[in-house]
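Asker: Sequence and computational prediction follow.
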Amino acid sequence: MKKITKLVTMLAAALIMGAFLLPAYGCTPRREVLRIYNWGYYMNPDVMRSFETWYQSRFGTRIRVRETTFTSNEEMFRQIRDNRSDFDIAVPSDYMVSKMFAADLLQPLDRDIITDEVLGRIYQPLLNNTNSVTGTTSESLAAGGNIYALPYLWGTMGIMFDSSIIRYEYIDFWGWEALFREIPAERNPAVGPPALTEAGFAAVAANSNFLNDRIYMKNSFRDSMVAAQLYARRNQLLELSDGGNDWSGDDYQALLRQIFHYAPNHENAADIDPEIRARYNITTQNNIGVYDTIFRRQRALDSFFKYEVDVGMIEMMDGLDNRGFMGIFWSCDAGYVVPFNPDLAYHIPREGSNLYVDAMVIPVHARNPEAANWFLYYLNMFDADNPENSAAWRNMSYVGAPAGVAGAMDAFRDGLEDGTARLMVFGYMGDEGMTLDELFSDDDGLLIVGGSDGLTVKDMFIGSIMFPDQGVVNRTEYMRDWGAAVEVDLALMWADILAYQPGTGCGSGSIAAGLLMLLPAALFVGVMKRRR
């Protein structure tokens, strides 16, 4: 009887376990499923469907692509590291590629599939960047060494703002400081160019709370910390770049690199040129408290709104009454929503900013690595005679960010300029589709900057969002992994900032709330780990 009872118990347990497993894959064998872990709104669904068709026609084997999304590099890292999730492809940013590589979470790509011909289609500076974070060199590849990541999409970090309310001149004048200062409610020559449009002034007169709750910040301590560092070093960066007009100087480049490669407490400050260290007081002392003060002061501003990741761009796109007017955004966010709301504009401050490269990698626990390698092969296929058929072209059209495939990127940029490339607005462009010229008709009077020399949304979109010119690229820098110990300190500080209640002088209003806020940081501490 005991044996029967035990058998029944085991059978019941198996059935229960099966019930939990079935929804994940249905009745499809795992070898016929390709699981992708990606940012939200970051791949054209048509690309996934067309890969399924291509794969079956090439190999005679059925494949189904399943996408799961994340909101931060850190969320993705923890999921793969701690839960050993069997995603076949993940999409980390460049600095996170190095972190995953150091944690032995990546497997090398199959060089029989990802051949030199495939690598040759990728824009070389992007490939050099993703290779450098894993120690891969052209020499090691030539000698048969491994490669662990392929560039997927890339872009910049800047300020997106509602140009129907906030003047472009104001954002250009203040740069990153615009996010850390009160928005003036009246004309005041002492604070620089007027912040608001005439309609904005009228709204202020009608509603004294009009400017309250208007600044977004990223709920990502790495991105927000970088913005704070650029703000804190603003005068030095502008001085070294001739007022924000020449970014070629060695001192400017060294200071910008220090901000993106090293955390505020600079545990690796010894790597920085001694003269630069002395000139700008870069020490190994922990000065995170300086930035803690900056964020607390920002939280106390009437114009501060909230920390967010994806919801801010949707709120601004929809023009909700309860929305922010400006904040930190990535160019892919702006590229995604500006076509839908031409009042929105994107600007990379003259002080400098981040150029990110999001890459495709195959995690070590992937259960379908062969199909994963073929998916990377498919993403990097390109036919110059039919560029719009490539996955890279279709992803650029959907996401609003340039792909790593050099030929597709050039063809798409040319298509934007002559009006033949089509931008999808949330995956939809109408029954017939619309060219960029039709979408951004000059007859609509879509001016970002007032006056006869104003830029149209089309000009702003082409010049500053998807395809920044060389002058913009010169004032950007890649992020690098800051190191585990530093990131634990920053995670603890960030948890305290999120819990901070202005006017109380402390963090959360209760011990329980404080502990809940610190929970993500505690997870970081457990394994010494950590953004876009």
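Answerer: It's in. Numbers count the residues shown, from 1 in each chain.
Asker: so where's the stretch 151-300 of the chain shaky on pLDDT?
Answerer: Flagging of the stretch 151-300 of the chain using pLDDT under 70 yields the residue ranges 187, 189, 264-286.
Asker: in it, which spans are strands?
Answerer: 215-218 (DSSP state E, counting those that start in this stretch).
Asker: now the chain
Answerer: Using DSSP state E, the strands of the chain run over 33-39, 64-70, 89-90, 150-162, 215-218, 304-308, 326-330, 344-347, 353-360, 476-477.
Asker: Is it possible to get a markdown table of the ones you listed that adds distance to residue 230?
Answerer: Heads up, the C-betas are built off the backbone N, CA and C, glycines and all. Listed next are these as a markdown table, based on distance: least, C-beta to C-beta, whole Å:
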| stretch | distance to residue 230 |
| --- | --- |
| strand 33-39 | 23 |
| strand 64-70 | 26 |
| strand 89-90 | 28 |
| strand 150-162 | 10 |
| strand 215-218 | 13 |
| strand 304-308 | 18 |
| strand 326-330 | 10 |
| strand 344-347 | 13 |
| strand 353-360 | 7 |
| strand 476-477 | 10 |
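Asker: Just put the ones you listed in JSON lines and tack on distance to residue 470 and mean neighbour count.
Answerer: As requested, the strands of the chain are exported to JSON lines (distance: least, C-beta to C-beta, whole Å; neighbours: other C-beta atoms under 10 Å):
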{"stretch": "strand 33-39", "distance to residue 470": "27", "mean neighbour count": "22"}
{"stretch": "strand 64-70", "distance to residue 470": "32", "mean neighbour count": "17"}
{"stretch": "strand 89-90", "distance to residue 470": "31", "mean neighbour count": "28"}
{"stretch": "strand 150-162", "distance to residue 470": "13", "mean neighbour count": "26"}
{"stretch": "strand 215-218", "distance to residue 470": "27", "mean neighbour count": "25"}
{"stretch": "strand 304-308", "distance to residue 470": "32", "mean neighbour count": "19"}
{"stretch": "strand 326-330", "distance to residue 470": "20", "mean neighbour count": "25"}
{"stretch": "strand 344-347", "distance to residue 470": "17", "mean neighbour count": "25"}
{"stretch": "strand 353-360", "distance to residue 470": "12", "mean neighbour count": "26"}
{"stretch": "strand 476-477", "distance to residue 470": "11", "mean neighbour count": "20"}
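Asker: Comparing those strands by mean pLDDT, which bottoms out?
Answerer: Here the lowest mean pLDDT among the strands of the chain goes to strand 344-347, at a mean of 89.
Asker: Apart from its chain neighbours, what residue comes closest to residue 370?
Answerer: Residue nearest to residue 370 in three dimensions, not counting chain neighbours: residue 110, with 7.3 Å by C-beta to C-beta, 6 or more residues apart in numbering.
Asker: Can you name the residues that contact the one you found?
Answerer: Residues near residue 110 by C-beta atoms under 8 Å, 6 or more residues apart in numbering: 369-370, 373.
Asker: Identify, from those, the entry nearest to residue 159.
Answerer: Nearest to residue 159 out of the contacts of residue 110 is residue 373 (C-beta to C-beta; 38.5 Å).
Asker: Report the separation between the closest one and residue 118.
Answerer: As judged by C-beta to C-beta, to the nearest Å, residue 373 and residue 118 stand 10 Å apart.
Asker: ok, now residue 73?
Answerer: When C-beta to C-beta is the yardstick, residue 73 and residue 118 sit 25 Å from each other.
Asker: swap in residue 371?
Answerer: From residue 371 over to residue 118 the distance is 16 Å, taken as C-beta to C-beta.
Asker: on that earlier part again, which phi and psi does the residue nearest to residue 370 have?
Answerer: Torsion angles at residue 110 (phi, psi; degrees, to the nearest 10) stand at phi -80, psi 110.
Asker: Now do it against residue 42, distance only.
Answerer: Computed with C-beta to C-beta, the distance linking residue 110 and residue 42 is 24 Å.
Asker: Residue 116 now?
Answerer: According to C-beta to C-beta, residue 116 and residue 42 sit 27 Å apart.
Asker: ok, those two, which is more surrounded?
Answerer: It is residue 42, of residue 116 and residue 42, that has more neighbours when counted by other C-beta atoms under 10 Å, with 20 against 9.
Asker: is it true that the more buried one touches residue 332?
Answerer: Yes. Counting by C-beta atoms under 8 Å, residue 332 is a contact partner of residue 42 at 7.3 Å.
Asker: what touches both of the two?
Answerer: In terms of C-beta under 8 Å, 6+ apart, residue 42 and residue 332 are both contacted by the residues 153, 399.
Asker: got a list of what the nearest residue to residue 150 once chain neighbours are set aside touches?
Answerer: Of all residues not flanking residue 150 in the chain, residue 360 sits nearest, at 5.0 Å (C-beta to C-beta, 6+ apart). When the contact criterion is C-beta under 8 Å, 6+ apart, the partners of residue 360 are 89-91, 149-152, 376, 379.
Asker: cutoff 6 Å now
Answerer: 89, 150, 152, 376 (C-beta atoms under 6 Å, 6 or more residues apart in numbering).
Asker: okay, these in JSON lines with distance to residue 131 next?
Answerer: As requested, these are exported to JSON lines (distance: C-beta to C-beta, whole Å):
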{"residue": "89", "distance to residue 131": "18"}
{"residue": "150", "distance to residue 131": "10"}
{"residue": "152", "distance to residue 131": "14"}
{"residue": "376", "distance to residue 131": "15"}
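Asker: dump the residue contacts of residue 406.
Answerer: residue 123.
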